[in-house]
Structure formats: structure tokens, C-alpha cells
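*Asks:* give me coordinates for this.
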Amino acid sequence: MPTYNHTGQVVTDIERSTRFYQEVLGFKPWYEISPPDEATAKLMSLRPPLGTKVSYLVLDGFVLELMQHTADGATAPYRARTMNQPGLTHLSISVDDVRATAEKAVAYGGEILEDTDIGVALFIRDPDGQMLELLPSTFRESLPPKP
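*Replies:* Model prediction:
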């Protein structure tokens, strides 16, 4: 039977990104690895060398895999994504205070997308541009029960 494992994202500075997700959004550290280049490159359909460093973080059962490729030229340049492109667009996190969390994100290298502010929710970007939707902690109370 299939089970959820993790969601991965490439970052340009693993220490900065780990600090951002822990300090701003409350993720907890799980473990870190530096996998071998040949197997990692083959699995990811990339050319070695990669010099990959990986940090696994956990929040409410959700596992986030942050990956930094440290070898010269191993990381492609940032490209902004829009919400109408197929594929994963964002992570959504419930927080006690949306505005305070958004402002804290800026202090840790993130950005507030002010034009998305609808009063109770808004989007921010992490230090590498990943979009994150901030919702109030009470949001789940308005949803149907989980199956």
C-alpha cells in the first residue's frame, strides 16, 4: 500500500533555508545526508558532479527534503513560477499570526507578496523563491473532516 514519503526542493544555501523553515515556519530537524554523486545524479537524471547535501525537516507529519547541489554549475538558475503552470506550485502552512509570520520571513531572507494579501491569507517566498501560502491556524476548523 503506498504511503507518503517526502517532498523535495532544491535550495542554493542549505543552512539558510533550513534556518528559514525552522525559525519562520516551525519545522523540526530530522536528519542530514550527503549522498554519493553517481547514484544521486542517476536518480535525478543529472550529470555529476553534484556535491549534494540534504536536510530533512518535519512539520505535522509533513517531510520536507531540502537539497543543495554544491558543485559548480550543478544548480540551474532561479525561474519564477506562476500559479497556472502544471506541477507543484506552493506549500500551504497554517500559522497563528499570518502577518507576523510573513514579516518574520523577511527577516530570514524571504519576501512578502503583498498583492496576494486577502486579509486572512497571503503568499510569501522563501529565500530561493519557493511560494508559501500562509493561512490562519483556524482555517482547518472550517474544512470537512479528513478521510
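*Asks:* so, low pLDDT: which residues of the chain?
*Replies:* In the prediction, the chain carries no residues with pLDDT under 70.
*Asks:* other residues contacting the helix or strand hosting Glu38?
*Replies:* Using DSSP states H and E, Glu38 sits in helix 37-44. By CB atoms under 8 Å, 6 or more residues apart in numbering, the surrounding residues in contact with helix 37-44 are 46-52. C-beta: built from backbone N, CA, C; applies to glycine.
*Asks:* list the buried ones in it?
*Replies:* Of the residues in helix 37-44, 37, 40-41 count as buried by neighbour count, 16 or more other CB atoms under 10 Å.
*Asks:* related to what we said a few turns ago, tell me the one among the contacts of helix 37-44 nearest to Gly8.
*Replies:* Distance to Gly8, by CB to CB, is smallest for Thr52 among the contacts of helix 37-44, at 10.8 Å.
*Asks:* wait, that closest one touches Ser34, no?
*Replies:* Yes. Between Thr52 and Ser34 there is a contact under CB atoms under 8 Å: 6.7 Å.
*Asks:* what about the two, which has more around it?
*Replies:* Between Thr52 and Ser34, Thr52 has the larger neighbour count (other CB atoms under 10 Å), namely 23 against 11.
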